[in-house]
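> Quick one: sequence and predicted model below, then my questions.
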Amino acid sequence: MTRALWIFGYGSLVWRPAFPHVERRPGYVEGWSRRFWQGSTDHRGLPEAPGRVVTLVTEPRARCWGVAYRVDPRDRDAVLETLDRRERGGFERHEVPLGFRDPAHAPVRALVYVAGAGNPNYLGPAPLAEIAAQVRRSAGPSGSNREYVLRLAAALRALRAHDAHVFEVADRVGPEACGA
């Protein structure tokens, strides 16, 4: 029997998975923090003017909340192909332990897409003011970078998942981009 495929979303997958799934649950990964350190040249920016999207960075004792999606085994290959294409801008698949908010659900192994420092679109850390300024001026085929930040912040608030970094960037870019 094939083990269930779980996908952990911590960025736009939280609010726009755009792939078929049979179950959606709040979940978390430990030892990782979400940061706006990845450049987006294909979705929320352009090659000559990259936007900033989140990636995961290792951080001992950290817990990053997001959404876990269980994929029907019949959809596995198509979902992975879709996500590999969507996350092609420097993200790589990693398998990680995934916990759930409801302790009645046992932890599982999940796939997560992470953009590490070695990829060509990695921008790395910057002062929050610089991150926010770059977000405010960036847009790409998937829309404005500001919209991405504000939708992610709203989705995390709806999950009751505090993320100081995301919320600070969202506060600095302002709500007017998506009517929030």
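Received it, and whenever you're ready, just let me know what you need.
> Check the secondary structure at P120 for me.
coil (DSSP: H, G, I helix; E, B strand; the rest coil).
> That one contacts P50, correct?
No - with contacts counted by CB atoms under 8 Å, P120 stays clear of P50, the gap being 10.5 Å. Backbone N, C-alpha and C define where each C-beta goes, glycine included.
> who has more neighbours, these two?
A direct count of neighbours by other CB atoms under 10 Å for P120 and P50 places P50 higher, at 21 against 8.
> In space, what's closest to the more buried one - neighbours in sequence excluded?
Distances taken as CB to CB, 6 or more residues apart in numbering place G39 nearest to P50, at 3.6 Å, with adjacent residues excluded.
> Okay, and the one you found sits in which element?
strand 23-40 (DSSP states H and E).
> For that strand, the averaged confidence score.
Mean pLDDT, computed over strand 23-40, is 97.
> Quick check: what element follows it along the chain?
strand 51-71.
> Next, the contact list for the residue nearest to P50, please.
Taking CB atoms under 8 Å, 6 or more residues apart in numbering, we find G39 in contact with G45, P50, G51, R52, V53, G89, G90, N121, Y122, L123.
> for these, which one is nearest P103?
V53 (31.2 Å; CB to CB).
> Contacts only, for that closest one.
V53 neighbours (CB under 8 Å, 6+ apart): G11, S12, F36, Q38, G39, S40, H43, R44, N145, Y148.
> Without its sequence neighbours, what residue ends up closest to it?
S40 (4.5 Å).
> buried stuff in the strand holding G39?
For strand 23-40, a neighbour-count test (16 or more other CB atoms under 10 Å) marks 26-29, 32-40 as buried.
> what does stretch 109-119 give?
Those would be A110, L111, V112, Y113, V114, A115, G116, for stretch 109-119 by 16+ other CB under 10 Å.
> does the fifth one really touch L56, like I thought?
I take that to be V114. Yes - taking contacts as CB under 8 Å, V114 lies within contact range of L56: 4.9 Å.
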